[in-house]
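>>> Next comes the sequence, and after it the predicted model I'd like to discuss.
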Amino acid sequence: MDDSVLDAIGSPLVRVDSPPGTTVAAKVESKNPGGSAKDRPAKAMVEAAEHEGLLEPGAHIVEPTSGNTGIGLAVVAAAKGYDLTVVMPASKSEERRNIMAAYGADLELVDGEMDSARERADELESQGMVQLRQFENPANARAHYETTAEEILEQIDGRSVDALVAAVGTGGTITGIGSRLREAFPEMEVVAVEPDTNAVLSTGEAGADDFEGMGPGFVSDVLDTDLLDTIETVSLDAAEDECRRLAEEEGILVGQSSGASNVVARRVADRLADDVSSGDTVDTDDPLVVTVFWDSGERYMSTGMFER
Ligand SMILES: Cc1ncc(COP(=O)(O)O)c(C=O)c1O
């Protein structure tokens, strides 16, 4: 028995349909108590702030977030007894707002995009709330280094990982998992995924996109760009097609960033299979590509992406 819901954080690694001669495996993060990968950094950032004496009983946390981090923080705040205000653009999906409210968080909706949400959170911080700053907070990536990556190492049954493919929001997931797995597998390729119309890592220029959770439009402090070998882009249409395919053909219901990551994971697996058949690699196992499915498709129903 776990003492707290926060002790139940963890997720399975599941083999998904993979190109012949390869294995693509996804960390299905919707299995976390708050339904996304963001439970991990939420818990780690709160505990780091407690450790540093920034958060004391009765403290009020504030964070600008487009959704999953807000839900993760709402879970952690409820379980640990903190007040929480989440500031988010009014345009983001209503499921997320309802979930945060159910956990007792206060929501402040702002016009505009994340810039406006960040400004408002700074104002609330200056009035005494504690802001965790997921884009700058090292505990964000550390959570994935210490938990997500360690779970993957236990779940691959002694195989080696040839590539990690992950979408980038704050960059905490790809930085944390990538740096830990790189220690174990120095030859592993790290592939970042971003929206084709907002490809700041590939082009240096921000654009606009309708993905939730990836493509922040700037290079986050938390993202270790030195870890990245390749950056690939995906369109929202291709990502959503892949979400529908995963649901209908594999029984795995995920959101857009997961669909996008799986599109690229399959591309990378195809490429690694070609390398094997041309004798470019000495690895005798089938290539293993690990990716991440951040959240469930249930969080996207109001976007209409699963409507026929
Ligand atoms: C749905 C979704 N996908 C991908 C990401 C990207 O994760 P990270 O911020 O660790 O880069 C997030 C982060 O909030 C997310 O909510």
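Arrived safely.
>>> From residue 62, how far off is whatever residue of the chain ends up closest to the ligand?
Distances from the chain to the ligand, computed as C-beta to the nearest ligand atom, single out residue 213 as the nearest residue at 2.5 Å. (Each C-beta comes from the backbone N, C-alpha and C, glycine too.) As for residue 213, its distance to residue 62 is 20 Å (criterion: C-beta to C-beta, to the nearest Å).
>>> In terms of packing, which of those two has more residues around it?
Neighbours per residue, other C-beta atoms under 10 Å: of residue 213 and residue 62, the larger number sits with residue 213, 28 against 24.
>>> so where is this protein shaky, pLDDT-wise?
92-93, 278-284 (pLDDT under 70).
>>> Show me how this protein divides into domains.
5-31+143-303, 39-131 (automatic domain parsing).
>>> For this protein, what lies in contact range of the ligand?
36, 38, 67-69, 167-173, 212-214, 255, 257, 294-295 (C-beta under 6 Å from any ligand atom).
>>> again, only this time at 8 Å
Residues of the chain lying close to the ligand by C-beta under 8 Å from any ligand atom are 36-38, 41, 65-69, 134, 140-141, 144, 166-176, 211-214, 220, 222-223, 255-258, 261, 292, 294-295, 299.
>>> quick one: contacts for residue 188?
The neighbourhood of residue 188, defined by C-beta atoms under 8 Å, 6 or more residues apart in numbering, consists of 160, 161, 162, 163, 164, 181, 182.
>>> Look up the closest residue to the last one, ignoring the ones flanking it.
Computed as C-beta to C-beta, 6 or more residues apart in numbering, the closest residue to residue 182 that is not its neighbour in sequence is residue 188, at 5.7 Å.
>>> so how far is residue 271 from the one you found?
Summarising the geometry, the distance separating residue 188 from residue 271, computed by C-beta to C-beta, is 14 Å.
>>> Next up, the contacts around residue 196.
Residues in contact with residue 196 (C-beta under 8 Å, 6+ apart) are 209, 233, 234, 235.
>>> Just give me the neighbour total for residue 160.
Counted with other C-beta under 10 Å, residues neighbouring residue 160 total 14.
>>> Helix, strand or coil: sort out it for me.
Here residue 160 is recorded as coil under DSSP: H, G, I helix; E, B strand; the rest coil.
>>> quick one: buried residues of stretch 222-231?
By neighbour count on 16 or more other C-beta atoms under 10 Å, the buried set for stretch 222-231 is 222, 223, 224, 227, 228, 231.
>>> can you pull up the bridge partners for residue 233?
Taking DSSP bridges as the rule, residue 233 bridges to residue 194.
>>> tell me the contacts of it?
The contact partners of residue 233, taken as C-beta under 8 Å, 6+ apart, are 193, 194, 195, 196, 199, 202.
>>> Can you go through these and name the buried ones?
Taking 16+ other C-beta under 10 Å as the criterion, what is buried in the contacts of residue 233 is 193, 194, 195, 196, 199.
>>> Tell me who's in contact with residue 124.
Taking C-beta under 8 Å, 6+ apart as the definition, contacts of residue 124 comprise 62, 85, 87, 108, 131.
>>> What segments of this structure are helices?
In order along the chain, the chain carries the following helices (DSSP state H): 39-51, 68-80, 94-102, 114-126, 138-143, 149-155, 172-184, 200-203, 236-245, 256-277.
>>> In JSON lines, list these along with distance to residue 3.
Written out in JSON lines, the entries for those read as follows (distance: least, C-beta to C-beta, whole Å):
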{"stretch": "helix 39-51", "distance to residue 3": "14"}
{"stretch": "helix 68-80", "distance to residue 3": "10"}
{"stretch": "helix 94-102", "distance to residue 3": "23"}
{"stretch": "helix 114-126", "distance to residue 3": "31"}
{"stretch": "helix 138-143", "distance to residue 3": "19"}
{"stretch": "helix 149-155", "distance to residue 3": "20"}
{"stretch": "helix 172-184", "distance to residue 3": "25"}
{"stretch": "helix 200-203", "distance to residue 3": "40"}
{"stretch": "helix 236-245", "distance to residue 3": "35"}
{"stretch": "helix 256-277", "distance to residue 3": "30"}
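>>> Quick one: closest of the ones you listed to residue 1.
The minimum distance between residue 1 and the helices of the chain falls on helix 68-80, with 15.3 Å, by C-beta to C-beta.
>>> helices or strands next to the closest one in the packing?
If contacts are counted by 3 or more C-beta pairs under 8 Å, 6 or more residues apart in numbering; DSSP states H and E, helix 68-80 sits against helix 39-51, strand 60-64, strand 83-89, helix 94-102.
>>> So what touches it?
Applying C-beta under 8 Å, 6+ apart, the set of residues contacting helix 68-80 from outside is 4-6, 33-43, 45-46, 61, 63, 65, 82-84, 86, 88, 96, 99-100, 103-105, 132, 134, 213, 294-295, 299.
>>> Thanks a lot, see you next time.
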